[in-house]
Every structure is written in structure tokens, then in C-alpha cells.
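> Quick one, structure for this:
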Amino acid sequence: MPVRKIPKNYLFVTGGYSSQKNKVMDGFESLLEKEYLMLLDFDDGVESFEVQPVRIPVTGVRNGYVPDVLVKYRTDPETGEIRRPLLAEVKHSDDLERNREKYAKKFAAAHAYAEERDWQFAVVDQTQIRTPRLANLKFLREYRNIEPNEQDVKSVLKQVGKLSKLASVSSLSEAICKKDDDRLHWLPVIWHMVLTKQLVVDLDQLMSNDTALQLPGASV
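Have a look, this model is predicted:
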């Protein structure tokens with residue numbers, strides 16, 4: 001439950017992000033925050049996240065300090081370890097530089113607060129958020145409401161299996177489309193299957209028609 005309600009602001013973008021992971025509408029008060037929530041929502045290593053999670057007392061600051069997000073992680077399937085929860089503040093680097101002294105006391109209090117609870121505290125800026133992965137997720141989200149029928153999904157999976165390591169969006173569409181107009185039907189199906197992880201791609205590389213496709217569990 002957020003400890004602080006995000007007010008409307010006519011200078012910054014505010015609103016709600018519909019989180020599939022949390023099954024709630026998570027508030028944000030900047031576009032950068034919204035983009036960070038999207039990354040968390042599609043990160044398999046993240047169990048859950050909570051916005052405006054805690055209010056930290058800060059000497060000389062009347063209402064204390066409320067960081068943006070608390071992130072909780074899943075058990076790593078390879079190591080069996082669980083990362084410490086992350087208390088995160090989302091800020092643009094220009095803002096951090098301009099207001100360094102203003103934020104110093106708050107961030108120091110947040111570090112201490114997190115350590116007391118065996119958490120981490122970190123400031124996340126646009127260089128860590130506005131990545132190829134974010135661009136890919138923004139593209140794929142356009143296909144989240146597609147509902148391909150079971151036979152179409154089976155046809156795509158079968159064809160990817162036949163193409164094996166040669167499978168790409170381009171080669172798959174060429175193999176499965178009998179005529180050019182068929183692409184209007186099959187490309188949304190393919191991209192929806194990537195979004196829902198029925199097909200696997202490297203999300204850290206900008207996607208294109210040459211993006212390699214794999215079946216879940218296939219060796220690289």
C-alpha cells in the first residue's frame with residue numbers, strides 16, 4: 001500500500017501503469033518512472049514491486065523521504081540465491097546533478113534505512129532505463145491484446161522447430177505466409193508470441209525482422 005499519494009502535476013507526466021505482475025494500477029510521477037515500472041513488470045527475476053513503499057525519517061525534512069519503488073526478487077533458478085530487495089529512486093541524471101546537495105541527506109538516510117533491513121538502496125537514471133530492452137518492450141506491448149487461436153500458435157511453433165537456428169522473424173514469415181497479405185495476419189501472432197515468451201529472443205538487442213527466434217528451452 002503506497003504511503004504517499006502521487007498528486008497531479010502540470011509540469012511532469014503523472015498517471016497509472018497497469019501492472020500485469022502486481023495486478024494493480026501503479027502510480028508514477030514521471031515518464032522515466034513509468035518506463036522503469038515497465039522494465040520491472042517484464043523482468044522474470046522480479047517477484048513484485050511496490051511504488052511509494054516507505055516513508056523514511058530525515059532530519060530537517062518535515063515529511064521525510066519516500067523512495068519511488070521497492071523491488072522484490074525471485075529465487076535465481078541456477079544459483080538458488082535471492083537478491084536483496086531493492087529500494088530504488090528514479091531520477092534523470094541532469095536532475096541528480098542539479099540538485100545534488102538537496103538529495104544528499106535523503107539518499108544517505110535511505111541507504112541507512114535499507115541496510116537496517118538487509119535491503120539495497122540505489123538511484124536509477126535514464127542510462128539504466130532507456131535501453132534497447134525498453135524499446136523492445138514498448139514495441140511488443142502493442143501486441144498484448146492479440147489473441148491468436150491455438151492452431152496458429154501450433155503452426156508457428158512447428159515452423160520455428162523446422163527452421164531451427166535459421167529461424168528469424170523474416171524467415172519465419174516467408175515460410176508461413178503463402179502470399180504477402182498473409183503477413184498482416186501472421187506478424188501480429190509472431191510478435192504476441194514473443195511478448196508472451198512462447199518464442200524467445202534476445203531482448204537486449206534491438207529487434208528487427210532479422211531477430212533470431214528460438215523455442216523456450218532451446219540451447220543457444
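
> Tell me the buried residues in stretch 139-150?
Within stretch 139-150, the residues scored as buried using 16 or more other C-beta atoms under 10 Å are 140, 143, 148. Every residue, glycine included, has its C-beta placed from N, CA and C.

> got a list of what the second one touches?
Think Y143. The neighbourhood of Y143, defined by C-beta atoms under 8 Å, 6 or more residues apart in numbering, consists of 188, 191-192, 195.

> and it, what helix or strand is that in?
Following DSSP states H and E, there is no helix or strand that holds Y143.

> distance between stretch 177-184 and the chain's centre?
On the basis of C-alpha atoms, centre = their mean, to the nearest Å, stretch 177-184 sits 32 Å off its chain's mean C-alpha point.

> Mind putting the buried residues of stretch 139-150 into JSON lines with distance to D76?
Written out in JSON lines, the entries for the buried residues of stretch 139-150 read as follows (distance: C-beta to C-beta, whole Å):
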{"residue": "L140", "distance to D76": "24"}
{"residue": "Y143", "distance to D76": "29"}
{"residue": "P148", "distance to D76": "32"}
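
> So if we follow the domain assignment, how does this structure break up?
Taking automatic domain parsing as the domain assignment, the record places the domains of the chain at 15-130, 133-195.

> For the longest one, what does the pLDDT average out to?
Taken as a whole, domain 15-130 has a mean pLDDT of 92.

> End to end on it, go ahead and measure it.
Taking C-alpha to C-alpha, to the nearest Å, the first and last residues of domain 15-130 lie 19 Å apart.

> Also the shortest one?
From the first residue to the last, domain 133-195 extends over 12 Å; the measure is C-alpha to C-alpha.

> looking at the domains of the chain, which is closest to L213?
Smallest distance to L213 across those (C-beta to C-beta): 4.4 Å, for domain 133-195.

> Output the contacting helices and strands for the helix or strand Q151 falls within.
Following DSSP H and E, the helix or strand that holds Q151 is helix 150-163. With contacts defined as 3 or more C-beta pairs under 8 Å, 6 or more residues apart in numbering; DSSP states H and E, helix 150-163 has these neighbours: helix 169-176, helix 183-195.

> May I see the buried residues of it?
Taking 16+ other C-beta under 10 Å as the basis for neighbour counts, the residues of helix 150-163 that come out buried are 152-153, 156, 159-160, 163.

> what's the angle from that helix to helix 169-176?
Our comparison of helix 150-163 with helix 169-176, counting by axes from the mean of the first three to the mean of the last three C-alpha atoms, to 10 degrees, yields an angle of 110 degrees.

> Can you pull out the residues in contact with helix 150-163?
Among residues not part of helix 150-163, those counted as contacts by C-beta under 8 Å, 6+ apart are 167, 171-172, 175-176, 186, 189-190, 193, 198-199, 213-215.

> now swap in stretch 168-180 and tell me
Surrounding stretch 168-180, the residues in contact under the criterion C-beta under 8 Å, 6+ apart are 155-156, 159-160, 162-163, 182-183, 186-187, 190, 207-213.

> Let's have the buried residues of stretch 139-150 in CSV, adding pLDDT and distance to E101.
As requested, the buried residues of stretch 139-150 are exported to CSV (pLDDT from 0 to 100; distance: C-beta to C-beta, whole Å):
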residue, pLDDT, distance to E101
L140, 95, 41
Y143, 94, 45
P148, 93, 54
